[in-house]
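**Student:** Fold the following, please.
(one chain, ligands or ions: 2)
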Amino acid sequence: MESTAARTAPAVIVAIDGPSGTGKSSTSKAVATQLGLSYLDTGAQYRAITWWMVTNGIDVADPSSIAAAAGKPDIVSGTDPAAPAITVDGTDVAGPIRTQEVTSKVSAVSAVPEVRARITELQRSIAAAAGQGIVVEGRDIGTTVLPDADLKIFLTASPEARAARRSGELKGADVNATREALMKRDVADSTRKTSPLAKAADAVEVDTSDLTLQQVIECVVTLVEGKRATR
Ligand SMILES: Nc1ncnc2c1ncn2[C@@H]1O[C@H](COP(=O)(O)OP(=O)(O)O)[C@@H](O)[C@H]1O
Ligand SMILES: Nc1ccn([C@H]2C[C@H](O)[C@@H](COP(=O)(O)OP(=O)(O)O)O2)c(=O)n1
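**Tutor:** Residues are numbered from 1 along each chain as shown. Ligands and ions are numbered 1, 2, ... in the order given. Reported below is the predicted structural model:
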């Protein structure tokens, strides 16, 4: 439930970045809910454009084909942390964007500059329209999308902890195979030329390996409240 403090506080922009399985989505949704803020999952937007490319037969190994098609899909993201929603050309794709096929192709599609330019513009307009403020999670939010965010968090965790969390979600998935896939995506996301996964110089780094989700949420809520108190 939204608190009186949340309704009267000035809008606050929180950027949460980090690799897969560090707890960005779970933490961001909970923090946004607790503080009455909007929420944006930018990974879901890159997954949605990847899903569209795959569905429309675009060769994701060919950056020029991806670039030529980047402006075509209409991607709409919901910002309610209690009911995250995403549609492409009016179709609900919340389920289809989580398939292994999309997961294995999203790094290639999201490395294309034309894709990043389009999605970054969308993200900035969503953040600008969030009256109470917003928690935006991704890979380049603190560095590129919202460099003036009030608070930047960079979540990390050991590859073992991240693989265990992800394979727990994908019931029956092999932990070693999951770990390998995560590492491969980390390398691709952090070495691409345009807006790679990186910690902003002014981000607070939180290693979540040995913290419970509740502890991470409390840590971030305390940091947001601290920022609000000094404004
Ligand atoms: N600190 C934590 N300890 C244990 N499990 C966690 C923690 N943070 C997140 N998880 C779990 O790990 C999985 C991946 O978390 P998620 O928030 O989706 O990470 P990300 O968005 O960074 O990929 C989820 O099942 C989530 O419940
Ligand atoms: N701001 C962002 C967010 C995600 N991406 C890309 C790179 C990521 O591997 C994919 C998928 O991101 P997502 O957050 O859904 O990934 P996980 O759920 O953490 O596995 O999108 C990006 O390039 N920039």
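**Student:** helix, strand or coil for the residue lying closest to D59 once chain neighbours are set aside?
**Tutor:** For D59, ignoring the flanking residues on the chain, the nearest one in space by CB to CB, 6 or more residues apart in numbering is S65 at 5.1 Å. No exception for glycine: its C-beta is placed from N, CA and C like everyone else's. Under DSSP: H, G, I helix; E, B strand; the rest coil, S65 falls in the helix class.
**Student:** So what's the predicted local confidence for S65?
**Tutor:** pLDDT for S65: 98.
**Student:** wait, it sits on I58?
**Tutor:** Yes - counting by CB atoms under 8 Å, S65 does reach I58; the two are 5.2 Å apart.
**Student:** quick one: A69 from ligand 1, how far?
**Tutor:** In this view, A69 and ligand 1 are 26 Å apart by CB to the nearest ligand atom, to the nearest Å.
**Student:** More neighbours: which of S65 and I58?
**Tutor:** I58 (18 against 15; other CB atoms under 10 Å).
**Student:** check contacts around that one.
**Tutor:** Going by CB atoms under 8 Å, 6 or more residues apart in numbering, I58 touches 65-66, 69.
**Student:** which one of those sits closest to R162?
**Tutor:** Of all those, I66 has the smallest distance to R162: 27.3 Å, by CB to CB.
**Student:** Report how many residues lie close to that closest one.
**Tutor:** 23.
**Student:** A48 now?
**Tutor:** Neighbourhood size, A48 [other CB under 10 Å]: 25.
**Student:** same thing with G43?
**Tutor:** Considering only other CB under 10 Å, G43 is surrounded by 17 other residues.
**Student:** from what I can see it touches E137, true?
**Tutor:** Yes - applying CB under 8 Å, one finds G43 in contact with E137, separated by 7.3 Å.
**Student:** picking that back up, what about the residue nearest to D59, distance to A188?
**Tutor:** Taking CB to CB, to the nearest Å as the measure, S65 falls 18 Å from A188.
**Student:** hmm, stretch 106-124 in reach of ligand 2?
**Tutor:** Yes - Stretch 106-124 lies within reach of ligand 2 by CB under 6 Å from any ligand atom, at 106-107, 110.
**Student:** now that stretch, how far from the centre of its chain.
**Tutor:** Centroid displacement of stretch 106-124 relative to its chain, using CA atoms, centre = their mean, to the nearest Å, is 12 Å.
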